[in-house]
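Engineer: when you get a sec, could you give me coordinates for this:
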Amino acid sequence: MRGLIRFVGGTVTLLTSLIVLGGGALFVVKPKHEINQEIDRRWEELLVQLPEGWPYREILAVLILLLGLFMFLSFFIRGKKGRRRTISFAGAHGDVTIELENIEGVIEKVARKLPEVRDIRIRLEPTDARSRVLVLAEAALMKDADADARQVTDRVQDYIKQHTRKILGVQEVDVRLTVKKFLLNMRSVKPLPLLLEGPRETALVPARPAEGGAIQPS
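Structural biologist: Alright, predicted model coming up:
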């Protein structure tokens, strides 16, 4: 989603810049009344080519409104993301600051090396402590049929924690893992033997009394 917003925002910015540059150059070369005449002529030619009864004005208005709404929202989205997510710690020769956004993709690639990880998304967040980082991970995990889910998640958390420490050079790392789904390794499933007959219940048959009134043991 972030990549799509950046791509569309960059495309809109590029097109707007080209239009502004082209308009400025046009005003330098031609007088204003000739430009207005040219725009009117092109607009009339376009109207002639459009099918009759086509609601072009409404469609154009909707497109302009959607473009304006997107630019308005992207402005606030970029404003919220303007604050860089960084951590810092004291190095041997002074303070060291690391931008976390560019490290997220690296940790995702490392985490996918773990056999249990099928897909993962990671976001790094700084905390109040200067050298402490919070890892927010959302993952789809693979597990064997007889494997305990808690052991699998503990292994993934510890793996992410250890490698985040190595990559960032900090020791205080907290990992919050959200498992979107578990994928079961079907090769590890051991089918139970099929019971073709149900268990037989022993019927309680009353003993017959023997001759003389005594009960004959069964």
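Engineer: going forward, measure contacts between C-alpha atoms and count neighbours the same way
Structural biologist: OK.
Engineer: give the buried residues for the helix or strand where residue 155 lies.
Structural biologist: Taking DSSP states H and E as the definition, residue 155 sits inside helix 149-168. Neighbour-count burial for helix 149-168, with 16 or more other Cα atoms under 10 Å as criterion, is recorded at 152-153, 156-157, 160-161, 164, 168.
Engineer: which of those sits closest to residue 119?
Structural biologist: residue 156 (12.0 Å; Cα to Cα).
Engineer: show the pLDDT at that closest one.
Structural biologist: Looking at residue 156, its pLDDT reads 94.
Engineer: what about it, distance to residue 143?
Structural biologist: Separation of residue 156 from residue 143 (Cα to Cα, to the nearest Å): 11 Å.
Engineer: so what sits against both of these two?
Structural biologist: residue 116 (Cα atoms under 8 Å, 6 or more residues apart in numbering).
Engineer: tell me which of the buried residues of helix 149-168 is nearest to residue 35?
Structural biologist: residue 168 (57.8 Å).
Engineer: quick one, what contacts that closest one?
Structural biologist: Contacts of residue 168 by Cα under 8 Å, 6+ apart are residue 98.
Engineer: which pLDDT value belongs to it?
Structural biologist: The per-residue pLDDT reported for residue 168 equals 89.
Engineer: ok, so what distance separates residue 137 from residue 143?
Structural biologist: 18 Å.
Engineer: look at the most centrally placed residue in the chain and give its secondary structure.
Structural biologist: Taking Cα atoms, centre = their mean as the criterion, residue 121 is the residue nearest the geometric centre of the chain, at 5.6 Å. Counting by DSSP: H, G, I helix; E, B strand; the rest coil, the backbone at residue 121 sits in strand.
Engineer: hmm, it is touching residue 139, no?
Structural biologist: Yes. Shown here, residue 121 and residue 139 form a contact pair, counting by Cα atoms under 8 Å, at 6.4 Å.
Engineer: what are the bridge partners for residue 175, then?
Structural biologist: residue 135 (DSSP bridges).
Engineer: neighbours of it, how many?
Structural biologist: Per other Cα atoms under 10 Å, the neighbour tally for residue 175 reads 19.
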